[in-house]
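**Q** whatever this is, show me its structure:
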Amino acid sequence: MKKTIIGALTALTLSTTALAAFPDKDIQGIIQWGAGGSTDTVMRSISPHVEAELGTDIILTNKTGGVGAIALKYVNSKKDDGYTLLMGAENPQMYKVLGLGDTDYNDMIAINVLARGTPVFVASNEAPYNNMKEFTDYIKANPGTVKIGSTGNGGLTSIVMAMLKSQVALDYTSIPYNGDGPALTALQGGAIDVMPAVLGATIEQIKAGRMKVIGLVDKEANRLLPGIAPITDTFPGLKSYLPWGPFFGVFVKQGTPDDVVKTLQGAFHKAAFHPDFVDLMQKRGFTILNISGEEADYFLSGYRSTSSWLVHDAGFSKKSPEAFHIPRP
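**A** Reported below is the predicted structural model:
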């Protein structure tokens, strides 16, 4: 009996030591997208506050390519010990139907889904339309003449245009760009007429009067865009897809010990309340979510369902969502 008690106490001591030991070295944070973009900005803004909670450094590295797939594969190739974090955006939720990979966020563990962006339609100041009804009426009256920027299949622009085309037939010219940054520059230079983009990437140009908002892709008004009606005022049928928008989250490999996951989730949850992070998100027009566990899983599944079926119905998916048991929203 004495040996049994001593053995149990020893196991408990070792378990407690192991729990207290994490983290005992630097953590690697792998950012899916390039420096200066929205994902990079969000992750670099929250990391110092997470470091303060964990008492260790997070070494941030931008690992781009493959619409984020290279970073995801890299993190999943590492040990499931919580020392390598995937810091990414929404794109992996469509990898399966677009044929870009066989793993998405539902196959990983969500440490925190930090925030969601709101899409908007922005147009050149010279465009002869100022809202979504005037915009779509103009396209119908002038088929093939309006040039709309794109960031490729699976990007925000493709999803938003798929939503719009589910409500009204449109004949326009799509111009591809390597990211919303170059496309927004092209918009200001007159190379394109309209660009769907996240509000956070456009808000400063809008405030400076370098472009105008003609549509808010949401079902509620936004305090940063006074006088701009939500798109559902013109197309009520879009309510079933909204709210929808690109998101930013932190993930670890499946198999990571529960105590490590809880430590990371607790640190990111507290960090997301830091006034500096909250202030940045509000100024960029991002909605803070700060969710993990079942709530995050529910959000991720809903996002994957809406986006996967939109791209499938729009005709540019490689495989049906049904092949992956993704339910129609």
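
**Q** who's in contact with the residue most central in space within the chain?
**A** In the chain, the residue lying closest to the centroid (Cα atoms, centre = their mean) is Phe247, at 2.3 Å. Contacts for Phe247 were tallied using Cβ atoms under 8 Å, 6 or more residues apart in numbering; they are Ala89, Glu90, Val113, Leu114, Ala115, Arg116, Gly117, Leu289, Phe299, Tyr303. Every residue, glycine included, has its C-beta placed from N, CA and C.

**Q** show me which of those residues is closest to Tyr241.
**A** Tyr303 (10.7 Å; Cβ to Cβ).

**Q** element containing that closest one?
**A** helix 293-313 (DSSP states H and E).

**Q** what's in contact with that helix?
**A** 90, 93-94, 96-98, 104-106, 110, 112-113, 153-154, 158-159, 162-163, 166, 241, 244, 247, 249, 265, 289, 291, 317, 320-321, 324, 326-329.

**Q** next one: the helix or strand hosting Gln28 to chain centre, how far?
**A** Per DSSP H and E: Gln28 is located in strand 27-31. How far strand 27-31 lies from its chain's middle: 17 Å, per Cα atoms, centre = their mean, to the nearest Å.

**Q** what lines up beside that strand in the sheet?
**A** Partner strands and pairing direction for strand 27-31 (DSSP bridges) are strand 58-62 (parallel), strand 84-88 (parallel).

**Q** ok, back up a step: now, the contacts of Phe247 that are in helices?
**A** Judged by DSSP state H, those include Phe299, Tyr303 as members of helices.

**Q** which members of the contacts of Phe247 are positioned in strands?
**A** Val113, Leu114, Ala115, Arg116, Leu289 (DSSP state E).

**Q** now tabulate those residues in JSON lines and tack on distance to Lys140 and pLDDT.
**A** Shown next, in JSON lines, are the ones in strands among the contacts of Phe247 (distance: Cβ to Cβ, whole Å; pLDDT from 0 to 100):
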{"residue": "Val113", "distance to Lys140": "38", "pLDDT": "98"}
{"residue": "Leu114", "distance to Lys140": "39", "pLDDT": "98"}
{"residue": "Ala115", "distance to Lys140": "36", "pLDDT": "95"}
{"residue": "Arg116", "distance to Lys140": "31", "pLDDT": "91"}
{"residue": "Leu289", "distance to Lys140": "37", "pLDDT": "96"}
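
**Q** residues in contact with Arg116?
**A** The contact partners of Arg116, taken as Cβ under 8 Å, 6+ apart, are Pro243, Gly245, Pro246, Phe247, Phe248, Phe286, Thr287, Leu289.

**Q** can we see that at 10 Å?
**A** Neighbouring residues of Arg116 by Cβ atoms under 10 Å, 6 or more residues apart in numbering: 90, 198, 243-249, 281, 286-289, 299, 303.

**Q** what's the next secondary structure element after the strand holding Gln28?
**A** helix 38-54.

**Q** average pLDDT for that following helix?
**A** Summarised as a single mean, pLDDT over helix 38-54 is 94.

**Q** buried residues, it. List them.
**A** Buried residues in helix 38-54, defined by neighbour count with 16 or more other Cβ atoms under 10 Å: 38-47, 49-51, 53-54.

**Q** what of stretch 164-178?
**A** Buried residues in stretch 164-178 (16+ other Cβ under 10 Å): Leu164, Gln167, Tyr172, Ile175, Tyr177.

**Q** show me where the stretch 151-300 of the chain has its strands.
**A** Using DSSP state E, counting those that start in this stretch, the strands of the stretch 151-300 of the chain run over 173-176, 194-198, 212-216, 247-252, 287-291.

**Q** other SSEs contacting the first one?
**A** So that's strand 173-176. strand 147-150, helix 156-165, helix 180-189 (3 or more Cβ pairs under 10 Å, 6 or more residues apart in numbering; DSSP states H and E).

**Q** any chance of the ones you listed in TSV, plus distance to Pro257 and mean pLDDT?
**A** Formatted as TSV, the helices and strands packed on strand 173-176 follow (distance: least, Cβ to Cβ, whole Å; pLDDT from 0 to 100):
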stretch	distance to Pro257	mean pLDDT
strand 147-150	42	94
helix 156-165	35	90
helix 180-189	38	89
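
**Q** including distance to Leu225, could the ones you listed go into JSON lines?
**A** Output for those, formatted as JSON lines (distance: least, Cβ to Cβ, whole Å):
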{"stretch": "strand 147-150", "distance to Leu225": "20"}
{"stretch": "helix 156-165", "distance to Leu225": "16"}
{"stretch": "helix 180-189", "distance to Leu225": "16"}
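
**Q** right, and the ones you listed - which one's nearest Gly29?
**A** So among these, helix 180-189 is nearest, using Cβ to Cβ, at 21.9 Å.
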